[in-house]
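> task: produce atomic coordinates for the following.
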Amino acid sequence: MSFRPLASLLFAATLLAPLVAATPASAQPPRARFSNVLSYVGAPDLPLTLSMIEAGGGPSRFETTKLVGVLAGAQTQAEVKKLTSEYGSADVTSFLNVFNYVVSDALRIAAQDHVALPSQPNPSPESGKALAQALYDAGLSPQGFDVEYMLDKLVSHGIHVQVMLDIDKKFGRYADSNYHTVLQTAMTDLKSAYNF
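The predicted structure is shown next:
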């Protein structure tokens, strides 16, 4: 190789070095735990979080079964039957119990971190279709709908990760995976039911 092309390459490398140094590999968001989707690392949508919690009975009385009833409306029994047929009653029961824990644990962590819920929910927690669509839209990552992306957007990526670690300790990793899997299916079922 002659001196001139080598000098040109060295000059180009010198120009590019600051750009490469300023863009570390860690600048890319982390991947979701149970899928290959890039995590959402922005600010949480707390009015939507409040809407979901209120639809389930409120911060101190949240019940997943109540939330499912609001989200699925007249299709609740059919959806529960479908999920039970698909995953079995033990895994559906585990999903319900873990979801109850997820909400209480996320609220506990948020209080510790001095993150306050807003005074007004959005959308209305009484509109199952509007809430289902808002939750589904919150989970639309660049790679498509992903329940972990939705959960990141509801509570922040950091709180979501801490809640998953807490689920692992209390219920085990399988229960954590099952919770995400059943919720992913339930959300895609709601999309199909409402055709949004």
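> how near is residue 149 to residue 176?
16 Å (CB to CB, to the nearest Å). No exception for glycine: its C-beta is placed from N, CA and C like everyone else's.
> which of the three states applies to residue 174?
Recorded secondary structure, residue 174: helix (DSSP: H, G, I helix; E, B strand; the rest coil).
> burial measure for it, as a count.
Neighbour count of residue 174, defined by other CB atoms under 10 Å: 11.
> was I right to think residue 83 contacts residue 186?
Yes: contact criterion CB atoms under 8 Å: residue 83 and residue 186 qualify, at 6.5 Å.
> list the contacts for residue 55?
Residues in contact with residue 55 (CB atoms under 8 Å, 6 or more residues apart in numbering) are 66, 67, 70, 71, 125, 126, 128, 131.
> run through who's touching the lengthiest helix in the chain.
Scanning the chain for the helix with the most residues, using DSSP state H, yields helix 89-112. Under the contact criterion CB under 8 Å, 6+ apart, helix 89-112 has outside partners 53, 56, 59, 62-65, 67, 80, 83-84, 87, 116-117, 155, 159-160, 162-163, 166-167, 170-171, 175-176, 178-179, 182-183.
> before we move on, what about stretch 170-184?
33-34, 83, 87, 91-92, 94-95, 97-99, 101-102, 145-148, 164, 167-168.
> thinking again about what came up before, per-residue confidence averaged over the longest helix of the chain?
Per-residue pLDDT values over helix 89-112 give a mean of 98.
> so after it, what's the next helix or strand?
helix 128-138 (DSSP states H and E).
> quick one: that following helix to chain centroid distance?
Computed by CA atoms, centre = their mean, to the nearest Å, the chain-centroid distance of helix 128-138 equals 13 Å.
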